[in-house]
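Visitor: Sequence first, then the predicted structure:
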Amino acid sequence: MTQPYTRQEMMAIATGREIRDGELAIFGVGLSMLAGFFAQAHHAPRVRAMTEGGVYGATPVGGLPWGIECNRLSANAVSFTNAIDALGCLVASGRCDVGIIGAAQVDRFGNVNTTGIWGGDIGPVYRPPKTRLTGAGGANDIATGCKRFLIMVSHESKRFVERLDYLTSPGYLDGGDARERLGLVGGGPSAIITTLGILRPDPVTREFVLDACFPFSSVEEIRAQTAWELKISPNVQIVPEPTADELEALRRVDETGMLRR
Amino acid sequence: MTQPYTRQEMMAIATGREIRDGELAIFGVGLSMLAGFFAQAHHAPRVRAMTEGGVYGATPVGGLPWGIECNRLSANAVSFTNAIDALGCLVASGRCDVGIIGAAQVDRFGNVNTTGIWGGDIGPVYRPPKTRLTGAGGANDIATGCKRFLIMVSHESKRFVERLDYLTSPGYLDGGDARERLGLVGGGPSAIITTLGILRPDPVTREFVLDACFPFSSVEEIRAQTAWELKISPNVQIVPEPTADELEALRRVDETGMLRR
Amino acid sequence: MSHHKVISLAEAVRRHTWDGMQYASGAALPVGSDAIVFGRELLRQGRRDLHAIFHCNTQQLNLLAAAGAVSRAECGFSGLEGFGFAKGLGRAVQSGAVALEDYSNLAMPLRLLGGALNWPFVPATVNVGTDLEFRSAFDPEHSPNRDKIRTVTDPFSGRTIGAFSTLQPDLAAIHVTLADPEGNAIMLGTEWSRFELSRAAKRVILIADAIVETDCMRQFPNLVRIPGLLVEAVVYWPFAAWPQASPGMYDGDEAHMKAMNDALGSEAGTAAYLADYVDGIDGVDDYLDRIGRERIAALSRGPTSFLLDPYRRWILPHADALALSREGAAA
Amino acid sequence: MSHHKVISLAEAVRRHTWDGMQYASGAALPVGSDAIVFGRELLRQGRRDLHAIFHCNTQQLNLLAAAGAVSRAECGFSGLEGFGFAKGLGRAVQSGAVALEDYSNLAMPLRLLGGALNWPFVPATVNVGTDLEFRSAFDPEHSPNRDKIRTVTDPFSGRTIGAFSTLQPDLAAIHVTLADPEGNAIMLGTEWSRFELSRAAKRVILIADAIVETDCMRQFPNLVRIPGLLVEAVVYWPFAAWPQASPGMYDGDEAHMKAMNDALGSEAGTAAYLADYVDGIDGVDDYLDRIGRERIAALSRGPTSFLLDPYRRWILPHADALALSREGAAA
């Protein structure tokens, strides 16, 4: 019998399972960093973790960092360089194995909006958003350059949209070989991991398809929370529950209990 | 009555006199560094001296450095950065006020060869030189980017040639506004200071003209040591002899007596 | 005879800023090493219509935008990381008061690098193919936009890539951990893009948490990533980045980060914040009093304090550093 | 369980080099911080037909070229600064044995930066308009050459500028002052282009004068400009740059610099030099014996020694560092 766990914890663990030992990995702040450092604590002790600030070899102390340059992360780094190094030489160059980004909106091809909410199409003249979000940050660079990247997002129909208000970070663009034609060096999103399940891209069309539910979710619920006509894999799986070891590792990283709220 | 001094010392002092206090100045190894640090020691105490290695704020100790990164120069620097910073951000960008370079061959427009001696035109197919020299180093970057630069060269007809074997560092190219047309950011050579005198460019044609002899040289001698038909300024000057102060300052810098040999 | 460059904050703003200028700062990430005291002084002196060039938003930009001093901004990231959206900036952008031109966190430092090298453009392999390329707040009529990020043909492969415009801001106010009186500076923690910014800007002012003797720089020349020859003036201001962190010096002030951002979310809150932490400030000591001496002590005992240990012996006493500022401002 | 990357010099060359490879090194200037021991081992293991990518010539390239191991080279500077022309390299170039492609000292690191960023080209505002643009040793038939440095049109101004090809060498052997067993490295003195090279090369091997505990890196993370995650292997080799200087560690050996260059000026001299300082060397201690223990002591008392003081307490004893090499090579 397993311990109780939250949907956010399931999402973080499922994301962490996608990260393999020894990989060069870039983590952002918040959920992304929790998932990454969970992987390091649990099954990928030699993951080569970095941040977009060029903070290398650090593990957070005293709780989840408030930012890339938070002292909780700067306290035990072996190297500090800079943004061009981390996001340019290591990420946009195509060297980084895996990155994790979040999304305010995501579409069927894994394109992401984190710039703003206009309440629909912006129209022929650019105008201020109704709600300004955080902008691209390093997410556009990660999405463009990493060999693969993971999208973590709360599964709600307002987020899983037919059409983005603004395309901030490229997934597979219009699908098919659109990325390759544009010459983007990275491979694109390999999974969208949500609070309800996991979507993966069709190898040809690159449209995201429901690949797995979580133990507590269903295909119907996921469909209802997806504003586009979601395709379901013929052999949709149920993701294994977090093991006791996994939960223990995650909660050691999530010292302040961010994912349990 | 002045002290005895060598032709090389006169050249170094005449070069140093071209450097003004407060300027951002880049010095290479050897004569160039002697002239620059002489200026600093004598009349330009606040010259902002740098080397192409990104060595800032250093003054040599224990004799003339063997190279940009010689410990004699590294011993009291306030900052070490790198080549792109020094030659790119500060020199090629157009920020640096003055640089000093040497020459194996120089032509009437102040173009310089430091790459090799072929014994005349290379011909339609590139081939190995008879004598390989040191190549461009930072001289091409200095000649391209500095607001102005100075050429220090021993005055011999084999060096003051009608036509370079190889154009390594740009003076005024074909003369006139050739530099501007090509879009080079720096202003070009402001003087050629030799072991016999000083040449300066005509403001329109940019051809170098004999502007001044040294106390021990003559127009005839300089003409004889120049393989092109050297033009003489209508009011050619005689450069004042080194003062006792100047010689004293120079010899403090030239601790190992390189210029007295 | 001293040739130091230390002047007071008020003097630095008086001498080196003007309405409508391109003002670059915030050259570390959103929650650290932000030269925010310079922004507070810009507001005290009533500067307006600033074109803000911030690699990332910080509390400084959040404050300047909330207070109406900014009309244009260029950023790679406009949030406050773990502290959420930037409510002051967000409000100003949503109302149309600030035109915010979006790039990514790599695009911004590359544009500064291009400015530093005086290139006419920088190759762009990121941002292309997205609305970062096709939408421009500075040129809203042309949508999709073809002028903001342009294209060049690689002359070796014949393939097309992007091209960013470059940046050479009129002024950069850069936070550093330690500066000597001549403007040689050490940054602890990620440089983010402060190296590139210090070369791209037309003028550089350092805002230093502490002043050290130049001997410190001669002991650690490889740490001096900003040499004095690039620097116009040095401002001594302890806790200069507060409520943001300065690695080695002090932790971020989480309570103030949140309260400040909440305040900037409304006009009334902004007015109250300005009254408390901008308008009335009368120099360094008054500022430190307002932060609170106990809070300062607590924030100074963070997990990165050991990073400062090698340099402590060269740090000038507070009174000596302030004396330098007075002497420099009078010069 | 140790995951350290320290291996022996012989093992590093055996595992990571091959005939005909693009080999980058000499990433400091000609008279300092050159990973020349790696070149000596390349010769001991008989590597041939190397394509040498050296920002500047060093005694290493001078030696490799004199010994006939290099067929192509790209450089920004091909001399030995105060020590004059590089006689071994010069001889090889003049005979046609080495095709030497000329660039400037800014062009080379920009080409490495372009490689590091994986750009297809780098904007060129230098070298243009000279024979660095128009002459190519790699493509001698096309003179004036239009393919070595090409042109692009700036999409913002419409004006034409140059474009350099970029570099991503197969291997870089980089001299550093201090490395920890995981490959985090500190360089004292100018970096020259070692930062860019460490990012551009497909594989990086560090040649370190001393091995330090990782705690040293955690104390000075801003000095760690090459983090271990970029590094394949670490070779421990005291006096690795000799007869060239290593700031903080040892001065250049002026007598040997001159004698070596003179020797490389002839085939007979080169053979004699190889016999004395390459062929017979049996490991670190034998090498140090050949330099001479008294000479080592004298060169170690230079004017920059104080630069090493902050790090001395973390330096592993010689025997411990050698033990790591043996353990790593066996793994």
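Guide: The structure has been received and is ready for your questions.

Visitor: in what helix or strand does the residue lying closest to residue C:7 once chain neighbours are set aside lie?
Guide: Nearest residue to residue C:7 in three dimensions, chain neighbours excluded: residue C:328, at 4.1 Å (Cβ to Cβ, 6 or more residues apart in numbering or on different chains). Every residue, glycine included, has its C-beta placed from N, CA and C. Taking DSSP states H and E as the criterion, residue C:328 maps to helix C:318-330.

Visitor: Do me a favour and get the end-to-end distance for stretch A:225-232?
Guide: From its first residue to its last, stretch A:225-232 covers 14 Å (Cα to Cα, to the nearest Å).

Visitor: Only the buried residues of that stretch, if you could.
Guide: With burial defined by 16 or more other Cβ atoms under 10 Å in any protein chain shown, the residues of stretch A:225-232 counted as buried are A:225-228, A:230.

Visitor: Closest one of those residues to chain D?
Guide: Nearest to chain D among the buried residues of stretch A:225-232: residue A:228, at 33.7 Å, using Cβ to the nearest Cβ.

Visitor: The closest one and residue A:221: what is the separation?
Guide: Going from residue A:228 to residue A:221 by Cβ to Cβ, to the nearest Å gives 16 Å.

Visitor: Pull the number of nearby residues for the nearest residue to residue A:135 once chain neighbours are set aside.
Guide: In space, and not counting its chain neighbours, residue A:135 is closest to residue C:78: 4.1 Å by Cβ to Cβ, 6+ apart. Neighbours of residue C:78 under the rule other Cβ atoms under 10 Å in any protein chain shown: 29.

Visitor: ok, residue C:78 to residue C:89 distance?
Guide: 6 Å.

Visitor: Overlap in contacts, these two.
Guide: Common neighbours of residue C:78 and residue C:89 (criterion: Cβ atoms under 8 Å, 6 or more residues apart in numbering or on different chains): A:132, C:57, C:100.

Visitor: Name all residues that make contact with the residue of chain A found nearest chain C.
Guide: With Cβ to the nearest Cβ as the measure, residue A:134 is the residue of chain A nearest to chain C, at 3.1 Å. Listed by Cβ under 8 Å, 6+ apart, the contact set of residue A:134 reads A:114-115, C:77-79, C:85.

Visitor: ok, now with 10 Å
Guide: Contact analysis of residue A:134 by Cβ atoms under 10 Å, 6 or more residues apart in numbering or on different chains lists A:102, A:104, A:114-116, A:168, C:30, C:56-57, C:75, C:77-81, C:84-86, C:90.

Visitor: Now do the contacts for the closest residue to chain A within chain C.
Guide: In chain C, no residue comes nearer to chain A than residue C:79, which is 3.1 Å away by Cβ to the nearest Cβ. Residues near residue C:79 by Cβ under 10 Å, 6+ apart: A:29, A:67, A:114, A:132-135, A:137, C:30, C:56-57, C:62, C:85-86, C:89-90.

Visitor: how much space is there between the nearest residue to it once chain neighbours are set aside and chain B?
Guide: Once flanking residues are discounted, residue C:79 sits nearest to residue A:134: 3.1 Å by Cβ to Cβ, 6+ apart. Going from residue A:134 to chain B by Cβ to the nearest Cβ, to the nearest Å gives 31 Å.

Visitor: Residue A:134 sits in which helix or strand?
Guide: Using DSSP H and E, residue A:134 sits in no helix or strand.

Visitor: can you pull the pLDDT of it?
Guide: Residue A:134 carries a pLDDT score of 96 in this model.

Visitor: hmm, which helix or strand of chain A has the shakiest average pLDDT?
Guide: helix A:71-74 (a mean of 88; mean pLDDT, DSSP states H and E).

Visitor: tell me how far the ends of stretch C:69-83 are from each other?
Guide: End-to-end distance of stretch C:69-83 (Cα to Cα): 23 Å.

Visitor: what about the helix ranked longest in chain A, near chain D?
Guide: In chain A, with assignment by DSSP state H, the single longest helix is helix A:31-42. No - Helix A:31-42 lies apart from chain D when judged by Cβ under 10 Å from any Cβ of the partner chain; the minimum separation is 13.1 Å.

Visitor: Would you quantify the distance from residue C:315 to chain D?
Guide: In terms of Cβ to the nearest Cβ, residue C:315 sits 16 Å off from chain D.

Visitor: ditto for residue A:210
Guide: Going from residue A:210 to chain D by Cβ to the nearest Cβ gives 34 Å.

Visitor: secondary structure class for that residue?
Guide: Under the three-state scheme (DSSP: H, G, I helix; E, B strand; the rest coil), residue A:210 adopts strand.

Visitor: Show me the beta-bridge partners of it.
Guide: On the basis of DSSP bridges, residue A:210 is bridged to residue A:199, residue A:232.

Visitor: tell me the contacts of it?
Guide: A:192, A:194, A:196-200, A:219, A:222-223, A:226, A:230-233, A:236-237.

Visitor: Tell me which residues touch the residue in the stretch 1-150 of chain C positioned nearest to chain B, please.
Guide: Residue of the stretch 1-150 of chain C nearest chain B, by Cβ to the nearest Cβ: residue C:118 (3.8 Å). Residues near residue C:118 by Cβ under 10 Å, 6+ apart: B:88-89, B:92-95, B:145, B:185, C:166, C:168, C:199-200, D:123, D:125.

Visitor: Would you state the helices of the chain in chain order?
Guide: Went with chain A since none was named. With DSSP H as the criterion, chain A has helices at A:7-16, A:31-42, A:71-74, A:83, A:139-145, A:178-182, A:219-224, A:244-253.

Visitor: To clarify, I was referring to chain C.
Guide: Under the criterion DSSP H, helices of chain C are mapped to C:9-16, C:36-44, C:59-66, C:87-94, C:107-116, C:131-134, C:194-200, C:214-219, C:254-264, C:267-274, C:283-291, C:293-299, C:318-330.
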